[in-house]
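3D, please:
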Amino acid sequence: MFKKPLAHQSNATPLRSSARRQLLSSIFAQYPCLLGPGPARSHQKQQQQQQQRATGSNETQTEENNGGENGDNGGLNEKELGKVILPEGVRSASFETSAEIVGTFWLTPDGDPLWMTFGRNSKEYIPTLYLLSLPLPYAPLPILQLHHPVPPPILTGAPLFIPAVRNLSKPHLLPDLKEGDLVAFVTSSNNQIEDVRYIGVGRITAKGGMEGALERRIENLKEGGEREEGKFCDIMCIVDDHLWDLGSKPALPAFRLPLPQKALAAPPTDSTAQAQPSQPGPSRAPSPPAVETLSLTESNTAPLSSSASGAATAEQVPVPTISSLSSSEISTLLSIALLQSLKSLQPSSFPMPASLLYSNYVLPSRPAYIPKENREEVVIGKSDWKKLAKWMKEVSKQGLLKTKETKGEVVVQSFDSKHPALQNHAEFTTIAEVEAKEARKAARAAVTAEQNGSSGAGKAKEIVVEEVWKPASGALTFWEACGIDNSTFHPPSALKASLDAYVTKNKLILPDHRSIVLDEELGRAVGIKKPEPGMAMARDRVLAKLKASVNWSVSVGGVMKKGSLQPITMSVKTRQGRKTVTHVSGLETFSVDIDSFAEEMRKACAGSASVQPLPGASPKLNLQEIMIQGNQIKAVTEALLARGVPKRWIKEGEDSVKQRKK
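Residues are numbered from 1 along each chain as shown. A predicted model of the protein is given here:
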């Protein structure tokens with residue numbers, strides 16, 4: 001629905017209080033499951049009161065009969081829940097999609113679209129992914145788990161087919177969806193029912209709903225599986241579409257897949273992981289736990305929230321209620337990240353744009369003890385300041401930074417290195433350092449595993465270094481038409497082969513075999529939005545444009561590395577007139593353990609070999625070099641070849657080459 005940008009969106013206007021209350025009442029009427037057991041409690045109570053006034057009765061319902069003021073709603077009463085799903089200050093805006101479908105958005109004061117309708121004067125309120133990302137005590141829609149990775153066409157708005165649905169062999173985990181029902185999609189990176197996350201919303205289009213589609217699929221498999229049914233569900237919104245781009249893109253919480261309120265089949269009697277609901281009604285979850293006070297010490301590594309383990313009943317299976325950091329906690333974490341980043345910067349690094357300081361230094365300097373599921377929350381947009389300029393202004397008033405606004409952009413002129421906050425700051429391990437360490441560890445493990453599996457006697461299998469590519473966002477539909485998976489990397493040969501297959505299939509090649517006719521998909525892929533009929537382009541030029549439009553990376557022994565690959569460099573330098581030392585750097589690129597390699601050189605060269613930080617490199621990169629006593633170019637080369645490093649990626653420095661020629 002939103003695979004292309006909106007054709008039009010009006011200015012958002014605030015909703016009057018009376019209109020908000022009326023809209024909220026309509027939402028509760030359409031989604032009574034939001035209220036938990038006794039979904040129409042509030043409306044029934046109002047009707048009872050009206051009947052009592054009409055009959056003159058003074059009798060009142062007891063707390064037990066009417067469900068209580070708070071009811072059974074995960075700790076939230078109806079008024080509190082209303083402020084979550086339709087906050088005060090909500091605004092409405094009309095829109096028109098690229099397919100000329102009109103509708104209305106209801107947005108938070110910050111601009112996140114929570115609800116939408118399609119068609120003029122429609123009363124069907126559809127929750128968006130932003131609404132589902134909120135800590136709701138009960139899920140508003142039935143939940144359907146999809147396979148991971150999700151087929152790339154679905155992420156671009158293509159219809160959903162039944163094979164993409166998980167748990168087809170476990171009907172007790174499938175909701176009994178009817179044709180026309182709305183459904184929420186979730187997926188999990190490990191394809192289990194734990195740690196699933198919302199990724200979109202759709203509408204069932206299959207005849208007979210879930211039951212009919214499943215029956216037809218079973219019959220098809222019995223007959224050999226040669227025929228596949230058409231689309232099962234239309235995509236209303238999906239993560240990373242243009243509707244998602246309209247808002248703040250919050251972190252989507254993880255939760256355990258709940259049992260459906262109305263499942264396609266009863267759970268198996270011997271199931272221990274899932275239990276049948278003890279009574280009818282929507283699956284219940286505990287109310288969102290309060291965020292624990294965050295102790296700003298590295299010892300605090302406990303997660304901010306925890307989910308119950310063991311067997312879960314339908315009354316216990318949680319929906320997304322993961323604890324989120326408060327804005328004040330986020331502000332505190334960003335403040336200490338700023339101090340951490342200033343500790344590593346030199347006064348000569350300034351002046352610097354505030355946006356550059358924030359993105360390149362503050363964000364990587366966030367504490368590593370922040371739980372992984374909460375790290376994406378620690379951003380300026382979710383802090384007390386909301387805007388970077390406001391934060392920089394406040395820090396400037398405190399005397400830590402000296403800022404200046406130039407052409408609408410805040411520039412940090414300098415910082416006070418003797419400021420008390422900076423002097424008293426205790427340094428900690430940052431997210432960037434942990435991620436870099438984990439990446440190096442994973443790379444070493446991959447290389448070690450490959451070496452252990454090789455059959456060479458004393459010499460490891462040569463590390464494979466190759467350039468690979470992945471489709472970029474501007475031409476995704478073209479690569480999908482070519483059958484290229486957008487989520488994986490491909491060798492350079494696949495690019496030319498895919499182009500040849502596409503032009504052959506669509507008969508786009510001209511008789512001279514040197515030019516290609518540009519259809520709509522290929523035209524967009526090479527940068528021409530609307531190619532004229534019969535417009536052609538030289539094959540070599542088309543190939544060059546396609547190469548320039550994809551994302552390139554380098555695979556080193558199966559480990560992906562962005563940017564250009566730098567070789568291992570050796571150079572011999574003279575010290576104190578006559579002593580020579582061999583410097584070796586760049587070992588990290590090929591996952592060579594520096595300490596073990598230095599020890600190997602000590603034994604092989606019968607001399608000293610020390611490790612020190614690489615001069616001139618940023619301390620954050622943690623790059624190192626080895627200094628070996630004497631001219632050991634040959635010994636180093638042989639040792640690297642034995643570890644599988646290709647010879648073409650071992651270079652001798654220019655100074656060493658000139659010295660040897662002399």
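
what comes up buried for stretch 502-519?
Within stretch 502-519, the residues that count as buried by 16 or more other Cβ atoms under 10 Å are 502-503, 508-509, 515-519. Every C-beta, even on glycine, is put in place using the N, C-alpha and C of the backbone.

check stretch 104-118 too.
Buried residues in stretch 104-118 (16+ other Cβ under 10 Å): 104-108, 112-118.

any idea which of those residues is closest to residue 373?
residue 112 (19.6 Å; Cβ to Cβ).

and the pLDDT for the closest residue to that closest one other than its chain neighbours?
Closest residue to residue 112 apart from its sequence neighbours, by Cβ to Cβ, 6 or more residues apart in numbering: residue 247 at 3.8 Å. On pLDDT, residue 247 comes in at 91.

what about residue 247, how many residues nearby?
Residues lying near residue 247 (other Cβ atoms under 10 Å) number 18.

do residue 398 as well
Counted with other Cβ under 10 Å, residue 398 comes out at 12.

burial count for the closest residue in space to it that isn't next to it in sequence?
Closest residue in space to residue 398, ignoring its immediate chain neighbours: residue 421 at 7.5 Å, by Cβ to Cβ, 6+ apart. Residue 421 has 16 neighbours, counted by other Cβ under 10 Å.

in a helix, residue 23, correct?
Yes. The assignment for residue 23 (DSSP: H, G, I helix; E, B strand; the rest coil) places it in a helix.

does it touch residue 29 like I think?
No. Counting by Cβ atoms under 8 Å, residue 23 stays clear of residue 29, with 10.7 Å between them.

of those two, who's got more company?
residue 23 (19 against 14).

so what's the nearest residue to the more buried one once chain neighbours are set aside up against?
Of all residues not flanking residue 23 in the chain, residue 86 sits nearest, at 6.5 Å (Cβ to Cβ, 6+ apart). The contact partners of residue 86, taken as Cβ atoms under 8 Å, 6 or more residues apart in numbering, are 20, 23-24, 27, 106, 114-115.

now, which of those residues lie within strands?
106, 114-115 (DSSP state E).

which SS class is residue 200?
Quick answer, by three-state DSSP: residue 200 is strand.

how much space between the spatially most central residue of the chain and residue 370?
In the chain, the C-alpha nearest the mean C-alpha coordinate belongs to residue 251, at 7.6 Å (Cα atoms, centre = their mean). Residue 251 sits 12 Å away from residue 370, going by Cβ to Cβ, to the nearest Å.

same check, this time on residue 125
In terms of Cβ to Cβ, residue 125 sits 35 Å off from residue 370.

okay, now the domains of this structure?
Following the TED database, one finds the domains of the chain at 1-34+79-265, 327-432, 465-559, 566-660.

start to end distance for the third one?
Separation of the first and last residues of domain 465-559 by Cα to Cα, to the nearest Å is 9 Å.

returning to that earlier point: put together TSV for the ones in strands among the contacts of residue 86, with pLDDT and distance to residue 585 on each row.
TSV is the format used below for the ones in strands among the contacts of residue 86 (pLDDT from 0 to 100; distance: Cβ to Cβ, whole Å):
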residue	pLDDT	distance to residue 585
106	95	57
114	96	53
115	95	56
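
name the nearest of those residues relative to residue 187.
residue 114 (21.9 Å).

how close does the nearest residue to that closest one once chain neighbours are set aside get to residue 87?
In space, and not counting its chain neighbours, residue 114 is closest to residue 131: 4.5 Å by Cβ to Cβ, 6+ apart. Computed as Cβ to Cβ, the residue 131 to residue 87 distance reads 11 Å.

tell me who's in contact with residue 8.
Contacts of residue 8 by Cβ under 8 Å, 6+ apart are 95-96.

and which of the ones in strands among the contacts of residue 86 is nearest to residue 393?
The closest of the ones in strands among the contacts of residue 86, once distances to residue 393 are taken by Cβ to Cβ, is residue 114, at 30.5 Å.

ok, now how distant is that closest one from residue 128?
6 Å.

shaky segments in the stretch 151-300 of the chain?
When residues are selected by pLDDT under 70, those of the stretch 151-300 of the chain lie in 223-229, 269-300.

let's see 50
Counting by pLDDT under 50, the stretch 151-300 of the chain has low-confidence residues at 226, 271-300.

where do the helices sit along it?
Here the stretch 151-300 of the chain has its helices, by DSSP state H, counting those that start in this stretch, at 152-155, 209-222, 242-245.

so which of those helices comes closest to residue 92?
Once those are compared by Cβ to Cβ, helix 242-245 is nearest, at 15.4 Å.

the buried residues of stretch 502-519 in strands, which ones?
Using DSSP E, the buried residues of stretch 502-519 in strands are 515-517.

on that earlier part again, so what secondary structure elements neighbour the host helix or strand of the residue nearest to residue 114?
According to DSSP states H and E, residue 131 maps onto helix 129-132. Contacts defined by 3 or more Cβ pairs under 8 Å, 6 or more residues apart in numbering; DSSP states H and E place helix 129-132 against strand 113-118, strand 196-204.

now these in JSON lines, with distance to residue 264?
JSON lines is the format used below for the helices and strands packed on helix 129-132 (distance: least, Cβ to Cβ, whole Å):
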{"stretch": "strand 113-118", "distance to residue 264": "28"}
{"stretch": "strand 196-204", "distance to residue 264": "13"}
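
returning to that earlier point: residue 438: which of the domains of the chain is closest?
Closest among the domains of the chain, using Cβ to Cβ: domain 327-432, at 10.3 Å.

quick check: end-to-end length of the closest one?
22 Å.

just stretch 154-167 next, same as before
18 Å.

what residues sit buried inside it?
154-158, 160-162, 164-167.

what sits up against it?
Contacts for stretch 154-167 (Cβ under 8 Å, 6+ apart): 1-3, 144-147, 150-151, 168, 173-174, 185, 191, 200, 202, 205-206, 213-214, 217, 228-235, 238-241, 476-477, 480, 486.

can you say which of those are buried?
Here, 16+ other Cβ under 10 Å leaves 1-3, 144-146, 150-151, 168, 173-174, 185, 200, 202, 205-206, 213-214, 217, 232-233, 235, 238-239, 241, 476-477, 480, 486 buried among the contacts of stretch 154-167.

roughly how far apart are residue 350 and residue 362?
Going from residue 350 to residue 362 by Cβ to Cβ gives 14 Å.

higher neighbour count, those two?
Set side by side, residue 350 and residue 362 show more neighbours around residue 362, with 24 against 15, by other Cβ under 10 Å.

wait, the more buried one sits on residue 333?
No. Here residue 362 lies out of contact with residue 333, judged by Cβ under 8 Å, at a distance of 10.2 Å.

pull the helix or strand with minimum mean pLDDT from the protein.
Ranked by mean pLDDT, DSSP states H and E, the helix or strand of the chain with the weakest confidence is helix 63-66, at a mean of 38.

so what's the residue lying closest to residue 550 once chain neighbours are set aside bridging to?
Of all residues beyond its chain neighbours, the one nearest residue 550 is residue 469 (4.5 Å), with distances taken as Cβ to Cβ, 6+ apart. Beta-bridge partners for residue 469, by DSSP bridges, are residue 490, residue 552.

give me every residue that touches residue 469.
Neighbours of residue 469 in contact, by Cβ under 8 Å, 6+ apart: 489-490, 492, 495, 547, 550-553.

and it, how close does it get to residue 493?
Residue 469 is 11 Å from residue 493, by Cβ to Cβ.

okay, now stretch 200-218: how far is its last residue from its first?
26 Å.

pLDDT-wise, what's the bottom of the buried residues of stretch 502-519?
residue 509 (83).

pLDDT below threshold where in this protein?
39-45, 47-48, 50-51, 54-72, 226, 271-322, 454-458.

one more pass at 70, please.
In the chain (pLDDT under 70), the answer is 37-75, 223-229, 269-323, 439-440, 442-461, 562-564, 576-577, 654-662.
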